[in-house]
Each structure stands twice: as structure tokens, then as C-alpha cells.
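[1] Turn this into a structure:
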Amino acid sequence: MTIKQIYIARHGFRANWAPPPHPPNPTGIDSDPPLAPHGVTQSQQLAGYLSSLPLEERPQFILSSPFYRCVETCAAISKMLDCKVAIERGISEWFRKQRKTKPIPADYKQLNHFFPDVLIDEEEWPRDRSVGVIPNTEGEDYDEVYDRCKQFVKKFIPIFEAKYPQIENVLIVSHAASAIAVGSALLELNSLVDFIDEDKNMIRAGACSVSKYVRVTNPDSEKKWEIVMNGNCEFLTDGEEMNWDFRTGVEAGSADDLKLREQQKSQSQDVKQQETTVTEMASGSDAINNDDFEARNKL
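    Modelled structure (predicted):
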């Protein structure tokens with residue numbers, strides 16, 4: 001048997017995306033925040049969705065980035081699916097080269113302190129050695145993060161199938177950048193900003209969204225995998241939030257990302273205000289102007 005379906009989910013809403021004060025990072029590792037309460041709720045809703053799938057479609061193995069927010073997202077899923085979680089450096093967070101710090105994520109020993117009974121035994125799936133693909137500790141540019149995820153996909157599938165021949169459905173829980181890069185590698189896209197269809201859609205990666213990739217069984221097809229569900233958020237009460245892609249030029253969920261979103265929100269509000277003002281002027285709905293016009297007509 002071989003892997004037939006790969007689900008790729010992004011972690012839930014981070015604590016540092018919510019208004020301050022922000023809780024300390026549980027692991028003490030830089031850029032390793034927990035989920036906000038809203039993110040915990042999202043993870044429970046994602047778990048409910050995955051556990052509601054027909055038995056033959058439910059994930060049978062969970063592979064997570066070692067960063068706290070991803071493992072925390074997996075906790076509810078693990079419980080509902082009765083499936084323990086393996087951690088894997090190959091699907092870790094993307095850090096740009098110009099970033100001052102490039103954190104190394106926690107290991108099994110550290111994470112077991114926070115998530116007892118969630119993780120598999122370390123020797124069953126060693127964090128760094130199972131696939132042997134590790135992000136450049138000096139940071140990565142776009143090509144490097146894509147190359148890393150291409151190498152991960154190339155090595156992971158045969159290694160996993162040899163170790164777990166009975167498992168067909170895998171869930172990967174990662175970060176926006178890595179989720180997009182792994183998905184792009186499965187689809188064999190030319191770049192991380194390629195469209196996935198004729199409608200010019202890109203891989204979507206909202207908080208706690210999930211995409212589904214299925215193996216192409218047609219021997220005449222040039223593709224090995226196809227995407228059949230893109231950034232699904234229909235199970236989330238508040239729908240899609242914090243969607244991100246590589247066109248932004250900033251790290252997903254970073255301070256720069258939040259600042260950019262605030263600027264875009266402010267610009268959008270300014271445009272709406274200008275449109276409202278123009279509409280009022282054109283329709284003569286401005287009460288002050290109308291009163292002034294009537295007063296002048298009476299003179």
C-alpha cells in the first residue's frame with residue numbers, strides 16, 4: 001500500500017496575533033508562541049472536522065513541525081483521532097536570511113513536558129534523522145525554502161511508505177510558508193507563487209485551514225499529485241483568517257506581517273471613506289451643504 005492522501009494544515013491563531021498582553025513563550029524559544037484561546041478553539045474545530053470524515057478518508061498519521069503552536073494545534077486532533085504525533089524538522093518554519101535570530105525548535109523531551117501522551121516515542125520518528133532534511137540555520141530565501149520542501153517530499157514519501165506500509169492518509173501540520181512549499185512540491189509547481197489552476201488561484205493558508213492532496217492514479221498523467229481541497233476553512237466559526245502567501249515579501253505572522261496588514265486595512269478604510277464622501281456629494285445627501293444651498297436660495 002502507498003500514501004493516497006496528504007492533508008496539510010496550518011497551525012491555529014497565534015497568541016501574539018491577539019491584542020497584548022501576550023503570554024511568554026512556553027518553551028522559552030524565540031518566535032515560538034502558543035496559540036491564542038481563539039486558536040485553541042480553531043484547533044478543536046479542525047479536529048472535529050477531520051474526525052467527521054469517512055473512516056477511509058481520516059488521517060492515520062500526524063506529522064507536525066516541532067514549533068509549539070503546531071504541536072498545540074495537533075493536540076486536539078490527536079485526541080479525537082486517537083493518533084499520536086511525530087515531529088519533523090523538514091516541515092519547520094521558514095526564516096528569512098536577514099532575520100536576526102533563526103530559532104531552533106524544541107525536541108521531543110521539551111515538548112513532552114507540555115504535551116504528555118500526545119507525541120510518539122522519539123525513536124519511532126526522530127525529529128532530525130527520519131527524513132534528514134533540516135532548514136538552513138542561517139535562514140532561507142524563496143528558492144532555498146522551496147528546495148528544502150522539495151527534498152522533504154522526495155525523501156519523505158518512500159521512507160514513510162517503507163516504514164508504515166499500512167497507512168494511506170497522512171496529516172501534516174505546519175506553517176503557512178512550509179505548507180505552501182510542501183503543497184507546491186507535491187504539485188510540481190515552478191515556483192512558490194505559481195497559480196494552481198486556470199482561475200489563477202494560489203494555495204491558500206489561513207490559520208487552521210486544511211488542504212487535501214490526492215495521488216493521481218492515472219498512469220498517463222504527468223502529475224503525481226493533485227489538490228482537491230484548497231485552504232478549507234468551512235468548519236471554522238469565523239472562516240478564513242490570516243491567509244498568507246509569498247507575494248507579501250514578509251514572514252507569515254511576523255511583526256512585519258501584522259504591520260503590513262494594518263497598513264492595508266487602514267488604506268482600505270481610507271478608500272471606503274473617500275468613496276462614501278464622493279457618493280454623498282454626488283447624491284446631494286450632505287445635510288450641511290443642502291441647508292446652505294436652501295438658505296442661499298431664500299436670500
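[2] where does residue 226 land in three-state SS?
    strand (DSSP: H, G, I helix; E, B strand; the rest coil).
[3] Tell me if I'm right that it and residue 211 touch.
    No. Residue 226 lies out of contact with residue 211 (C-beta atoms under 8 Å); the separation is 11.2 Å. All C-beta atoms are positioned from the backbone trio N, CA, C, and that covers glycine.
[4] neighbour count winner among those two?
    Legend: neighbour count by other C-beta atoms under 10 Å for residue 226 and residue 211, higher for residue 211 (25 against 15).
[5] Check what pLDDT that one gets.
    For residue 211, the model assigns a pLDDT of 99.
[6] Likewise for residue 286?
    Residue-level pLDDT assigned to residue 286 equals 48.
[7] try residue 87
    Residue 87 is given a pLDDT of 99.
[8] do the same with residue 153
    Turning to residue 153, the model gives it a pLDDT of 98.
[9] residues in contact with it?
    With contacts defined as C-beta atoms under 8 Å, 6 or more residues apart in numbering, the neighbours of residue 153 are 182, 185, 186.
[10] I'd like the next helix or strand past the helix or strand harbouring it.
    Under the assignment given by DSSP states H and E, the secondary-structure element containing residue 153 is helix 142-163. Downstream of helix 142-163, the next assigned helix or strand under DSSP H and E is strand 169-174.
[11] just checking, what packs against that next one?
    strand 5-10, strand 61-64, helix 68-81, helix 176-187 (3 or more C-beta pairs under 8 Å, 6 or more residues apart in numbering; DSSP states H and E).
[12] What's the separation between residue 115 and residue 74?
    8 Å (C-beta to C-beta, to the nearest Å).
[13] from the contacts of residue 153, which is closest to residue 204?
    When the contacts of residue 153 are compared for distance to residue 204 (C-beta to C-beta), residue 182 comes out closest, at 13.9 Å.
[14] just to revisit the earlier point, just among the contacts of residue 153, which is most surrounded?
    Highest neighbour count within these, by other C-beta under 10 Å: residue 182, with 26 neighbours.
[15] before we move on, back to that, buried stuff in the helix holding residue 153?
    The neighbour-count criterion (16 or more other C-beta atoms under 10 Å) identifies 142, 145-153, 156-157, 160 as the buried residues of helix 142-163.
[16] List just the nearest of these to residue 253.
    Residue 253 has its nearest neighbour among the buried residues of helix 142-163 in residue 145, at 15.1 Å by C-beta to C-beta.
[17] For residue 85, give me the backbone phi and psi.
    With angles defined as degrees, to the nearest 10, residue 85 sits at phi -110, psi 130.
[18] I'd guessed it sits against residue 74; true?
    Yes. Contact between residue 85 and residue 74 holds when scored by C-beta under 8 Å: they sit 4.6 Å apart.
[19] Now stretch 165-173 - C-alpha only, PDB.
    Coordinates of the C-alpha atoms in stretch 165-173 are reproduced here as PDB (Å, rounded to 0.1, in the frame of the first residue of the first chain):
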ATOM      1  CA  PRO A 165       3.000   0.300   4.600                       C
ATOM      2  CA  GLN A 166      -0.500   0.100   6.100                       C
ATOM      3  CA  ILE A 167      -1.000   3.800   6.300                       C
ATOM      4  CA  GLU A 168      -2.700   5.600   3.400                       C
ATOM      5  CA  ASN A 169      -3.700   9.000   4.800                       C
ATOM      6  CA  VAL A 170      -1.300  11.500   6.400                       C
ATOM      7  CA  LEU A 171      -1.800  14.800   8.100                       C
ATOM      8  CA  ILE A 172       1.000  17.400   8.100                       C
ATOM      9  CA  VAL A 173       0.600  20.400  10.500                       C
END
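[20] Name the residues that touch it?
    Outside of stretch 165-173, the residues within contact range by C-beta under 8 Å, 6+ apart are 1-11, 50, 57-65, 70, 73-74, 77, 91, 160, 179, 182.
[21] For ChimeraX, what selects the buried ones among those residues?
    Per 16+ other C-beta under 10 Å, the buried members of the contacts of stretch 165-173 correspond to this ChimeraX selection:
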select :3,5,6,7,8,9,10,11,50,58,59,60,61,62,63,64,65,70,73,74,77,91,160,179,182
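[22] can you redo the helices and strands packed on strand 169-174 as TSV with distance to residue 241?
    Output for these, formatted as TSV (distance: least, C-beta to C-beta, whole Å):
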stretch	distance to residue 241
strand 5-10	10
strand 61-64	20
helix 68-81	14
helix 176-187	12
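[23] which stretches of the stretch 1-150 of the chain aren't confidently modelled?
    Counting by pLDDT under 70, the stretch 1-150 of the chain has low-confidence residues at 1.
[24] those helices in it, which residues are they?
    37-52, 68-81, 108-114, 142-163 (DSSP state H, counting those that start in this stretch).
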